[in-house]
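Participant: Based on what follows, work out the 3D shape:
(one chain, ligands or ions: 1)
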Amino acid sequence: MKIFIDTANLDMIKEINSWGILDGVTTNPSLVAKENTDTPTHVKEIAKILGDRPVSAEVMALDADGMIAEGKKLAAIAPNVNVKLPMCIESLKATKALSSEGIAVNMTLIFDPLQALMAAKAGARFVSPFIGRLDDIGTHGVDMLSETVQIIHQYGFDTEIIAASIRHPTHVLDAAEMGCDIATIPYDILKKMVAHPKTEEGIAKFKADYEKVNGPGQ
Ligand code: G3P
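Facilitator: Take a look at the predicted model:
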């Protein structure tokens, strides 16, 4: 499974990039707004760090023509910038137009497998089902993700599924177990995925045993 980080924070992106596990970045208007810089400059910075790996940047227009115009501007920032569109009829039209010109679209705010199916048929390169926000309203987000994975994979669409709105490591585990293509994960959760108390206990014991015989190690 590919691992993306879900943030617009440059320090966090650089830190996770240094781990050697980062496959891409997703941003949204709320995440970019936290960074207090203008969107094109900021997206350019992120795209530079990522090299040829994908970075999703979201349009604000809500009509197809506006989405296409804004999407083309975002895609022109760098070759690895994909255009994030919110799921609706207008964005299906924009997806068709942008993908026909070779611009990759990430259809976001997906809460139902049929929305993902429609987006894939329109040519979306990525679809982003939001699992945490469904959990928030008492619906099993992971079940929706699983149905989406089954449908999109069985028809062989050239569309990758990004598990989004991830709130804890178990969401990532569920996504990996069901064969989801990508998970976009917040920084704090990525850190939690590395840590384990038994690992820390084991490291401390090996060090203590080594030092009993060899004296203080490095
Ligand atoms: O990638 C989608 C993500 O940014 C939404 O997450 O936690 O705001 O539901 P959240």
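Participant: Give me the mean pLDDT for the helix or strand containing Ala69.
Facilitator: Element membership for Ala69 (DSSP states H and E) is helix 64-75. Average pLDDT, helix 64-75: 98.
Participant: I'd like the next helix or strand past it.
Facilitator: Taking DSSP H and E, what comes next after helix 64-75 is strand 81-86.
Participant: Which positions within the helix holding Ala69 qualify as buried?
Facilitator: Residues Ala64, Met67, Ile68, Glu70, Gly71, Leu74, Ala75 are the ones in helix 64-75 that count as buried (16 or more other C-beta atoms under 10 Å). Glycine gets a C-beta too; all of them are placed from N, C-alpha and C.
Participant: Between those, which sits nearest the ligand?
Facilitator: Lowest distance from the ligand to the buried residues of helix 64-75 (C-beta to the nearest ligand atom) belongs to Leu74, with 16.3 Å.
Participant: Report the contact partners of the closest one.
Facilitator: Neighbouring residues of Leu74 by C-beta atoms under 8 Å, 6 or more residues apart in numbering: Pro40, Val43, Ala57, Val59, Val81, Val83.
Participant: what's the closest non-adjacent residue to Thr27?
Facilitator: Setting aside the residues directly before and after it, Thr27 is nearest to Ala8 in space (C-beta to C-beta, 6 or more residues apart in numbering), at 4.3 Å.
Participant: Now do the least confident helix or strand in the chain by mean pLDDT: everything it contacts.
Facilitator: In the chain, no helix or strand scores lower on mean pLDDT, DSSP states H and E than helix 29-33, which sits at a mean of 91. By C-beta under 8 Å, 6+ apart, the list of residues contacting helix 29-33 from outside reads Asp6, Thr7, Ala8, Asn9, Thr39, His42, Val43, Ala57, Glu58, Met60.
Participant: Which strand residues bridge the spatially most central residue of the chain?
Facilitator: Centroid check for the chain by C-alpha atoms, centre = their mean gives Thr184 as the closest residue, at 2.9 Å. On the basis of DSSP bridges, Thr184 is bridged to Phe4.
Participant: Distance-wise, check it relative to the ligand.
Facilitator: Per C-beta to the nearest ligand atom, to the nearest Å, Thr184 is found 5 Å from the ligand.
Participant: Please shift the residue numbers so they start at 35 in all later answers.
Facilitator: Shifting the count to begin at 35 puts that one at Thr218.
Participant: My guess is that residue contacts Ile195. True?
Facilitator: No: counting by C-beta atoms under 8 Å, Thr218 does not reach Ile195; the two are 10.7 Å apart.
Participant: what do those two both touch?
Facilitator: Ser162.
Participant: quick revisit: nearest to the ligand, of the contacts of Leu108?
Facilitator: For those, the closest approach to the ligand (C-beta to the nearest ligand atom) belongs to Ala91, at 12.2 Å.
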